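Participant: A structural model of the following input is requested.
(one chain, ligands or ions: 2)
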Amino acid sequence: MIRAMGLLQSWGGFGTSIASFIFLWDMIRRYCPPELIRAFDKWARRIRSFFYPYIQISISEFMSNNLKPHDAYAAVEAYLSVHLAKDAKRLRAETVTGGSKLVLSMDEHERVTDEFCGVKVQWISGKLVQRESKYLPELERKYYKLMFHKKYRDMVTDIYLEQVIKAGKEIQMRNRKRKLYTNGHSKTTWSHIVFEHPATFGSLAMEVEKKQEIVDDLLMFRESKDFYARIGKAWKRGYLLYGPPGTGKSTMIAAMANLLDYDVYDLELTSVRDNTELRRLLAETTSKSIIVIEDIDCSLDLTGQRKKKPPEEKIEKTKKEVSRKDTEESGSRVTLSGLLNFIDGLWSACSGERIIVFTTNYVDKLDPALTRRGRMDKHIELSYCSFDGFKVLAKNYLRLDTHPIFESIEILMRETKIIPADVAENLMPSSLKEDAEKCLLKLVEALKQAKQLMIKKEEESALSEAKMKQAADVLQDKEDSIDKM
Ligand SMILES: Nc1ncnc2c1ncn2[C@@H]1O[C@H](COP(=O)(O)OP(=O)(O)OP(=O)(O)O)[C@@H](O)[C@H]1O
Ligand SMILES: [Mg+2]
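Facilitator: Ligands and ions are numbered 1, 2, ... in the order given. Predicted structure coming up:
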């Protein structure tokens, strides 16, 4: 009993000394000049590290020199919130900008343990409140501290930390909202909106094998960082999508971005003043992005002057003609050589993966410099709707795998041409009451009309050919009679 009393007394004494120490330390912090406290801290740390076998690495929320957010801090935070936050006792719940999902992270002064190749390391979250001078407000800087035994120094600094940052960046990439950047309306810089296009390769009407080949190609590109480094080529890939209007070129670009989880830069060449501006815009694009130049044939030519389209294409008054006119008015002087120089030259030096996609309705009209192999790695033709393509659309729009009307649709599709955009329009119910069968009948009607139009056109062209031949024969007869005279 007496011993217990003595123990309590001594604990009481210990408590009192701790309280006096805290009081004394508080007084020192409050009244001593900050320089003196910093010097004291420094020496105290040196003495401690002499006896203490652990190493600490701090990763601060902001860079110490310019107060810019520190990328590594954000990556560590993402890594910890996914892999270790659940082990912490106190958590912070926050929504990611623009999202509704709650993300959990460690609250301040929490401690979690991670294990890497049998080595245990500790992460500690903290907050530092600093005042640079007494005239400035206090600054709060959050930080993560990594603690490990000094015998694992090389392994942790060379391998573990690198892997944490890499994994963290991948998590950030997955959590971020993707963006669609544009440079339209005579803007000299990129402006962006959130990219939320629902297109996927699953919803794209196309032959199954062809679609799978494109998907495989894209996925292989994404995973080929080391391969590109080994062969000494920049990690870039060019796709040329060509085909008539409404065959799904823009839809495929959205599906590519969704598959790879990339941002999209929609480059409006007609708004770019000259090659210098083009170079700057392309250099500003970020890694993991698709740079799109739609209707490349209408946007520029080799000489920098506008191309003249053949008469039959002029009939179609599309946005493309308007954009060409815009270029003339805005005085864009971007040349094909300028674009190609950039793709082959400076752009290759930008780090990270990028995909560049050109689209055109008239692949034959393109300059061979643009279509040669090595420049555009893959040429993809998007053409009129096949029966396979129709089945994808019927499944998506009407949830139908089969129907008795499919047979007549298949026969009509073999006899005539229809673009997927028209098939999609017919399969779209115009009211809640319109059922799947009505939509299929609408499509049958559209196919019949397209067939009639095709027959009429063929007849007309046969007639004009016959007339031309007749006129040529008359001319020949005249020439023959002149010769005889
Ligand atoms: N292959 C396809 N699969 C699914 N839907 C398609 C396909 N092609 C066209 N569509 C539908 O038609 C619409 C127009 O297609 P899209 O804009 O992709 O055509 P495009 O080939 O880019 O045309 P343009 O040459 O005029 O730019 C899309 O919104 C989509 O609903
Ligand atoms: Mg398009």
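Participant: for the rest of this, base every contact and every neighbour count on C-alpha atoms.
Facilitator: Will do.
Participant: around ligand 1, which positions in this protein sit nearby?
Facilitator: 203-206, 244-251, 361, 420-421, 424 (CA under 6 Å from any ligand atom).
Participant: using ChimeraX, define a selection of the buried residues within those.
Facilitator: Buried residues among the residues of the chain next to ligand 1 (16 or more other CA atoms under 10 Å), as a ChimeraX selection:
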select :203,204,205,206,244,245,246,247,248,249,250,251,361,420,421,424
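Participant: quick check, nearest of the residues of the chain next to ligand 1 to Trp190?
Facilitator: Ser250 (19.6 Å; CA to CA).
Participant: any idea which helix or strand comes after the helix or strand that contains the closest one?
Facilitator: Assigned by DSSP states H and E, Ser250 belongs to helix 249-260. For helix 249-260, the following helix or strand on the C-terminal side (DSSP H and E) is strand 263-266.
Participant: so how far is the helix or strand following that next one from its chain's centroid?
Facilitator: Next in sequence after strand 263-266, counting helices and strands by DSSP H and E, comes helix 275-283. Centre-to-centre, helix 275-283 and its host chain are 19 Å apart (CA atoms, centre = their mean, to the nearest Å).
Participant: mind giving me the packing neighbours of helix 275-283?
Facilitator: Contacts defined by 3 or more CA pairs under 8 Å, 6 or more residues apart in numbering; DSSP states H and E place helix 275-283 against helix 336-344.
Participant: what angle do the helix it packs on and helix 275-283 make?
Facilitator: Angle, helix 336-344 to helix 275-283, by axes from the mean of the first three to the mean of the last three CA atoms, to 10 degrees: 30 degrees.
Participant: list phi and psi for whichever residue of the stretch 351-485 of the chain sits closest to ligand 1.
Facilitator: Residue of the stretch 351-485 of the chain nearest ligand 1, by CA to the nearest ligand atom: Ala421 (3.4 Å). Here is the backbone geometry of Ala421 (degrees, to the nearest 10): phi -60, psi -40.
Participant: is it true that Glu115 lies in a helix?
Facilitator: No. According to DSSP: H, G, I helix; E, B strand; the rest coil, Glu115 belongs to no helix; its state is strand.
Participant: what pairs with it across the strands?
Facilitator: Glu115 has these beta-bridge partners by DSSP bridges: Lys120.
Participant: ok, it to ligand 1 distance?
Facilitator: 47 Å (CA to the nearest ligand atom, to the nearest Å).
Participant: quick one: that residue and Val121 touch, right?
Facilitator: Yes. If you go by CA atoms under 8 Å, Glu115 and Val121 touch, sitting 6.2 Å apart.
Participant: give the rounded mean pLDDT of the lengthiest helix in the chain.
Facilitator: Ordering each helix of the chain by length in residues (DSSP state H) puts helix 436-484 first. Averaging pLDDT along helix 436-484 yields 89.
Participant: which residue is the nearest non-sequential neighbour of Glu277?
Facilitator: Computed as CA to CA, 6 or more residues apart in numbering, the closest residue to Glu277 that is not its neighbour in sequence is Thr188, at 7.4 Å.
Participant: so which strand or helix has that neighbour?
Facilitator: Here Thr188 is assigned to no helix or strand, by DSSP H and E.
Participant: now do the contacts for it.
Facilitator: Contact partners of Thr188, counting by CA atoms under 8 Å, 6 or more residues apart in numbering, are 272, 277, 281.
Participant: the second one and Ile356, how far apart?
Facilitator: Remark: distance between Glu277 and Ile356 (CA to CA, to the nearest Å) = 18 Å.
Participant: same check on Leu340?
Facilitator: Relative to Ile356, and taking CA to CA, Leu340 is found at 12 Å.
Participant: swap in Pro137?
Facilitator: Pro137 is 48 Å from Ile356, by CA to CA.
Participant: which of those two has more residues huddled nearby?
Facilitator: Ile356 (19 against 10; other CA atoms under 10 Å).
Participant: tell me the secondary structure at that one.
Facilitator: strand.
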